[in-house]
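In: Take a look and give me a structure for this.
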Amino acid sequence: LEAMGQKVDFSEQGPVVTPAARNEAVISQIRRGVFDETPPVHSSIAEIRRRVGRDVPILGFAGAPFTLAAYMVEGVASKSLRYIKELMYGNPARLEKMLEMVTETAIDYLRIQIEAGADAVQIFDTWAGELSVGDYRRFALPYQRSIIETIQNEGTPAILYVKGSSPVLNEMKESGAAVISVDWRTNLRDVS
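Out: Prediction:
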């Protein structure tokens, strides 16, 4: 998110993103992230790869577009997701434009990690499990699928994790991910 123009700090409750994208002035300043300099994650993964060798798999990761957009708009972790839902229902085209920028940025961020030595990547969608199936299909799945298809077509397997995944398991399967990761609330027998 910092590459997209917002500041990110971490508190005991999780990420704090400022300024929260709750009005047109802030939303219009958000841009596709460009990594002019190699982010620290590259050197971290490269150093881990150097230390552990080629026999130990390394996972890269990125937040999924809906989750990142939720943090961008909410500013903090929020169980109600009030502000992102206001944007979702009040100006869905604006949210979709934001999700497209986040998707492109996440792809570039994952490519940096793969270049540094990540063998597979995991996409974390912490907040998409809070969506209805219809909203998941519109505001989460297409963007997850875009990242997964791009990364896997370039030769790296992708894992998709959605917190609270039970209602959207079938949709997660449609993402094309090499691996579906579920949380503790999902019975593994229900996943197959």
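In: Next secondary structure after the helix or strand of the chain with the lowest mean pLDDT?
Out: Ranking every helix and strand in the chain by mean pLDDT, DSSP states H and E puts helix 24-27 at the bottom, with a mean of 88. The helix or strand immediately downstream of helix 24-27 is helix 40-52, counting by DSSP states H and E.
In: Just the buried positions in that following helix, please.
Out: Residues of helix 40-52 classed as buried: Val41, His42, Ile45, Ala46, Arg49 (neighbour count, 16 or more other C-beta atoms under 10 Å). From N, CA and C alone the C-beta is placed, and that goes for glycine too.
In: ok, which pair from those is furthest apart?
Out: Val41 and Arg49 (12.3 Å; C-beta to C-beta).
In: any common contacting residues for these two?
Out: Taking C-beta atoms under 8 Å, 6 or more residues apart in numbering as the contact rule, Val41 and Arg49 both touch Ala116.
In: Could you tell me how many residues sit around Ile27?
Out: As a burial measure, Ile27 scores 17 neighbours (other C-beta atoms under 10 Å).
In: Ile114 versus that one, what's the distance?
Out: For Ile27, the distance to Ile114 equals 30 Å [C-beta to C-beta, to the nearest Å].
In: Who are the contact partners of the residue positioned nearest the centre of the chain?
Out: The residue lying closest to the centre of the chain (C-alpha atoms, centre = their mean) is Ala64, at 1.4 Å. By C-beta under 8 Å, 6+ apart, the residues touching Ala64 are Ala106, Ile123, Phe124, Asp125, Thr126, Ala128, Ala140, Tyr143, Gln144, Ile147, Leu160, Val162.
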